[in-house]
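Peer 1: Have a look at this prediction, sequence included:
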Amino acid sequence: MKIMVIQGPNINMLGMREPAIYGVMKMEDIHKQMKAVADQSGNEIEFFQSNFEGEIVDKIQECFGTCDGIIINPAAYTHTSLAIRDALAAVSLPVIEVHISNIARREELRQKSLIAPVTAGQIIGFGPVGYHLAMIGMIQIFEQIKAARAEQKAK
């Protein structure tokens, strides 16, 4: 099965951007670790990062019929983008939302996620390891999907 990882604005600056909040690990290093987990589990993975809302919406729409799940860190768009929320709802795929920092402990404007209601779950506040947790979660969702399909075939 195939996972699309979508990274929002400024995630490409990890390792340099506010290390006290986001840590020192670079986006590329996070992606290498995620790829290793995908390879070990027999899943495909693809990565996409953009600072532009419309490009993120386009990438989500491209996932329809080509991917089985999405792991997304919408970054600042978490709190403002109905367009990303609606695109995720439209493709009807399992989605896991990741945030490196604990958005519930941040400024009030960062505490509400418009994305959360259309996701299978959120992983927040665990730093870069949150992406690893999201991989484990997505693999578990894939196993449940496979089991349901096998059960339907058996009937």
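Peer 2: Structure's in. What do you need? Residues are numbered from 1 along each chain as shown.

Peer 1: rest of the way, CA atoms for contacts and neighbours
Peer 2: Fine.

Peer 1: Which of the residues in the top helix by length along the chain are classified as buried?
Peer 2: The longest helix of the chain (DSSP state H) is helix 129-154. Neighbour-count burial for helix 129-154, counted by 16 or more other Cα atoms under 10 Å, picks out 129-139, 141-142.

Peer 1: try stretch 120-130
Peer 2: Under 16+ other Cα under 10 Å, the buried positions of stretch 120-130 are Gly121, Gln122, Ile123, Ile124, Gly125, Phe126, Gly127, Pro128, Val129, Gly130.

Peer 1: And for stretch 40-59?
Peer 2: Of the residues in stretch 40-59, those buried (16+ other Cα under 10 Å) are Asn43, Ile45, Gln49, Ser50, Asn51, Glu53, Ile56, Val57, Lys59.

Peer 1: Next: stretch 93-105.
Peer 2: Under 16+ other Cα under 10 Å, the buried positions of stretch 93-105 are Leu93, Pro94, Val95, Ile96, Glu97, Val98, His99, Ile100, Ser101, Asn102, Ile103.
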